[in-house]
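Q: Pasting a predicted model and its sequence here:
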Amino acid sequence: MRLVHLRHIIPGNPKDLIKQIIRRWTITTQEAIRLFNNYLQSNHKQRTIDSYDHLLIRFERIYAERALDSIGPDEIYTFLETLTQDLAKSTRRLRYAQLKAFYNFIIDRCSLNMKNPCNTPRHCLGNPIEHPRRFYARCSNGKRWMK
């Protein structure tokens, strides 16, 4: 199990949290955000931390007690649409990239057996394009579609 690597990332002693995760074999969104915030605090500048906080505080408000692997691509898409509906395309892309980085970090560091829900393009789920302002993604067949 690769959870041992968390000791190198989180300052202090995260043994209690690691024991809880191992006991359940799952991680709640609140725990994942706490781990990610500890990583950000020790490895990134304050401006980066503030930018992630804008996203993660809102994400935690909605999904705090849910298991991280129970949040599907549709919910991620809806969350991002609600959060960024009136923002510039560059900000929308940034929030998407930040959420994707958050999931990649947790999946990698906690050795979770799950796929990143941010890797599933919205149109591949069979949902229609609702708004003209979407960021681009690649579908599994390699064609470029607007999200």
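A: That came through, no problem. Numbers count the residues shown, from 1 in each chain.
Q: Grab the nearest non-local neighbour of residue 72.
A: Excluding the flanking residues, the one nearest residue 72 by Cβ to Cβ, 6 or more residues apart in numbering is residue 117, at 5.8 Å. Every C-beta, even on glycine, is put in place using the N, C-alpha and C of the backbone.
Q: Now do the one you found, the pLDDT please.
A: Note on residue 117: pLDDT of 92.
Q: could you pull out the strands for the chain?
A: For the chain, the strands defined by DSSP state E occupy 136-138, 144-146.
Q: low pLDDT regions in the chain?
A: Counting by pLDDT under 70, the chain shows low-confidence ranges at 1-25, 121-147.
Q: so what's the nearest residue to residue 40 once chain neighbours are set aside up against?
A: The shortest distance from residue 40 to any residue other than its chain neighbours is 5.0 Å, reached at residue 49 (Cβ to Cβ, 6+ apart). The contact partners of residue 49, by Cβ atoms under 8 Å, 6 or more residues apart in numbering, come to 37, 40-41.
Q: Could you do residue 98 as well?
A: Contacts of residue 98 by Cβ under 8 Å, 6+ apart are 51-52, 55.
Q: Could you export the contacts of residue 49 to TSV, including columns for neighbour count and distance to residue 97?
A: TSV is the format used below for these (neighbours: other Cβ atoms under 10 Å; distance: Cβ to Cβ, whole Å):
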residue	neighbour count	distance to residue 97
37	17	17
40	20	15
41	12	20
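Q: Let me see the ranges of the helices in this structure.
A: Secondary structure of the chain by DSSP state H: the helices cover 6-9, 15-24, 29-43, 46-63, 73-84, 89-109.
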